[in-house]
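Q: Give me coordinates for this.
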Amino acid sequence: MARFLRSIALFVLALGLIGVIGMGALFVFSGGQPVDFVQKAFIRLSLSSRQDELSRAISSDTTPVRFTVNPGDTPPVIARSLVDQGLIADAGLFVDYVRLYDFDRQLQAGTYFLSRALTIPDIAAALTDARSTQFAFRILEGWRMEEIAAAIDDSPYFPFSGADFLAAVGPGAAVDPVFAQQVGLPPGSSLEGFLYPDTYQLPAEVTPGWLRDFLTETFMERVGPQIPVDATAQGFNLYQIVTLAAIVEREAIHADEQPLIAGVYRNRLVAGMRLEADPTVQYPLGAPGSWWPRITAADYSGVFSPYNTYLNDGLPPGPIASPGITAIQAVVYPATSDYYYFRADCRSDGYHDFARTFQEHLANGC
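A: Down below sits the predicted model:
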């Protein structure tokens, strides 16, 4: 009997030693950190009965919500902020989920765009993905500054208003002197025309000044080094090129027609003829909700503005919109022709009919 009891004791002692050695090995291989297997087992058991809550968003509202994780924020702090902003209902459930799946070690500081239509797993994944800290913003070719400002106001992502943006790009705004010199920007002018149109991924922390500088830097990158050289050789600076390119952008619906339209305007300038471009009449008439209004024949002589190229010689005082690179290239490298007139064709396909004389131009009418 004593021998049997001694065997049992030795067996238990051996199991204990194996357990101690095993735990020690796990401690070593876990980088010296206590192993939380037991804690995770309890969390897993708890969450197994709450799968419906994990898979259910707080609402169906997909409106973006700006959410900031500060450096050093712990999962409980983040969870409480999520509750306070109405993004989740249960802070403890969020904490348990991120700890079970090790998201707590991957959460990154930054400003994110979440929504109340996201589940807790969705939110946890978003807070570990740097892409969630950016948002897309599109500026269309031919937009004027006010249209960009309106798009900012219509977007739920910007931390500032369209008016704030206009203050940063309007007349008298702070402009990089190097950029001003490169493009020939007259003192006190706005940045109309140089807010390059494209689709951008912007950071959540974007500011009006940052966006202004980013758009003008993008303009210089897209224009490249050769266009300014070639423009100068033709007697133009970039400001003049962009001024004419903005008109071409507004006139041409199809990019493949831009060089021909640009060529007509270049021909008229050389001949000392007025440009007589409709967009230059629309520009001073523009107002919120109708930045490019329909004009009548009476407006050609009735809109008294330095931008009206029916009443004024040469180029208007500055750009009327932001042209894309194809319109800029069209002005610097126009199609060669002996056309001096164009008008919308009668096929309603967005193209134009071109004419050498005013009589031909009239004959092209519908």
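Q: Now the residue most central in space within the chain. Its backbone dihedrals?
A: The centroid of the chain falls nearest to F137 when counting by C-alpha atoms, centre = their mean (2.6 Å). For F137, the backbone dihedrals are phi -140, psi 130 (criterion: degrees, to the nearest 10).
Q: So what pairs up with it in the strands?
A: Y200 (DSSP bridges).
Q: How about V69?
A: Beta-bridge pairing of V69, defined through DSSP bridges, involves G110.
Q: How is the residue lying closest to A109 once chain neighbours are set aside assigned, secondary-structure-wise?
A: Excluding its sequence neighbours, the residue lying closest to A109 (C-beta to C-beta, 6 or more residues apart in numbering) is P71, at 4.4 Å. C-betas here are computed from N, CA, C, even on glycine. Here P71 is coil, with the state taken from DSSP: H, G, I helix; E, B strand; the rest coil.
Q: please renumber so the chain begins at 32
A: Let's use 32 as the start, then, which means that last one is P102.
Q: how close does P102 get to I109?
A: If you measure P102 against I109 using C-beta to C-beta, to the nearest Å, the figure is 12 Å.
Q: D229 is in contact with the residue nearest to the centre of the chain, correct?
A: No: taking C-beta atoms under 8 Å as the contact criterion, F168 and D229 are not neighbours in contact, 9.4 Å apart.
Q: Can you pull the residues that touch both of the two?
A: With contacts taken as C-beta atoms under 8 Å, 6 or more residues apart in numbering, F168 and D229 have no neighbour in common.
Q: re earlier: which residues touch the residue nearest to the centre of the chain?
A: If you count contacts by C-beta under 8 Å, 6+ apart, F168 has them with A182, S186, Y188, T230, Y231, L233.
Q: Likewise for I170?
A: Residues counted as contacts of I170 (C-beta under 8 Å, 6+ apart) are I179, A182, L226, Y227, P228, D229, T230, Y231, L246, S353.
Q: which SS class is the third one?
A: I take that to be L226. The three-state label given to L226 by three-state DSSP is coil.
Q: How many neighbouring residues does it have?
A: When neighbours are counted by other C-beta atoms under 10 Å, L226 registers 24.
Q: quick one on the thing from earlier: relative to W241, which of the contacts of F168 is nearest.
A: L233 (8.9 Å; C-beta to C-beta).
Q: pLDDT wise, what is the closest one at?
A: On pLDDT, L233 comes in at 95.
Q: Can you tell me which helices and strands the host helix or strand of it packs against?
A: Element membership for L233, per DSSP states H and E: strand 230-234. Under the contact criterion of 3 or more C-beta pairs under 8 Å, 6 or more residues apart in numbering; DSSP states H and E, the helices and strands touching strand 230-234 comprise strand 165-169, helix 239-254.
Q: quick one, which of those is packed in tightest?
A: For these, ranked by mean neighbour count under the definition mean count of other C-beta atoms under 10 Å, the leader is helix 239-254 at a mean of 18.
Q: Who are the packing partners of the helix or strand just after that one?
A: If you walk from helix 239-254 toward the C-terminus, the next helix or strand you reach (DSSP H and E) is helix 257-264. Counting contacts by 3+ C-beta pairs under 8 Å, 6+ apart, helix 257-264 is packed against helix 269-282, helix 356-363.
Q: Mind splitting the chain into its structural domains?
A: The chain resolves into domains spanning 70-159, 165-254, 259-397 when parsed by automatic domain parsing.
Q: How about F134, nearest residue that isn't a chain neighbour?
A: Spatial nearest neighbour of F134, chain neighbours left out: A155 (4.5 Å); criterion: C-beta to C-beta, 6+ apart.
Q: Who are the contact partners of that neighbour?
A: Shown here is A155, whose contacts under the criterion C-beta under 8 Å, 6+ apart are F125, Y128, V129, Y132, F134, L138.
Q: if we go to 10 Å?
A: Residues counted as contacts of A155 (C-beta atoms under 10 Å, 6 or more residues apart in numbering) are L85, P106, I109, F125, Y128, V129, Y132, F134, D135, Q137, L138, L149.
Q: of the contacts of F168, buried ones?
A: Neighbour-count burial (16 or more other C-beta atoms under 10 Å) is assigned, among the contacts of F168, to A182, Y231, L233.
Q: quick one: R162 and Y143, what's the gap?
A: 10 Å.
Q: Settle it for me: which of these two has more neighbours?
A: A direct count of neighbours by other C-beta under 10 Å for R162 and Y143 places Y143 higher, at 21 against 9.
Q: Shouldn't that one be within a strand?
A: Yes: with three-state DSSP as the criterion, Y143 is assigned to a strand.
Q: pLDDT score assigned to it?
A: As summarised for this prediction, Y143 has a pLDDT of 92.
Q: go on, the one 10 residues further on?
A: pLDDT for D153: 94.
Q: wait, isn't it in contact with L145?
A: Yes: the pair D153 and L145 qualifies as a contact (C-beta atoms under 10 Å) at a distance of 8.3 Å.
Q: Give me the more crowded residue out of those two.
A: In this view D153 and L145 are compared by other C-beta under 10 Å, and L145 has more residues nearby, 19 against 15.
Q: ranges for the strands of this structure?
A: Secondary structure of the chain, counting by DSSP state E: strands at 96-100, 141-145, 165-169, 230-234, 372-375, 383-386.
Q: Next, format the ones you listed as CSV and append distance to Q213.
A: CSV is the format used below for the strands of the chain (distance: least, C-beta to C-beta, whole Å):
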stretch, distance to Q213
strand 96-100, 35
strand 141-145, 33
strand 165-169, 25
strand 230-234, 21
strand 372-375, 32
strand 383-386, 33
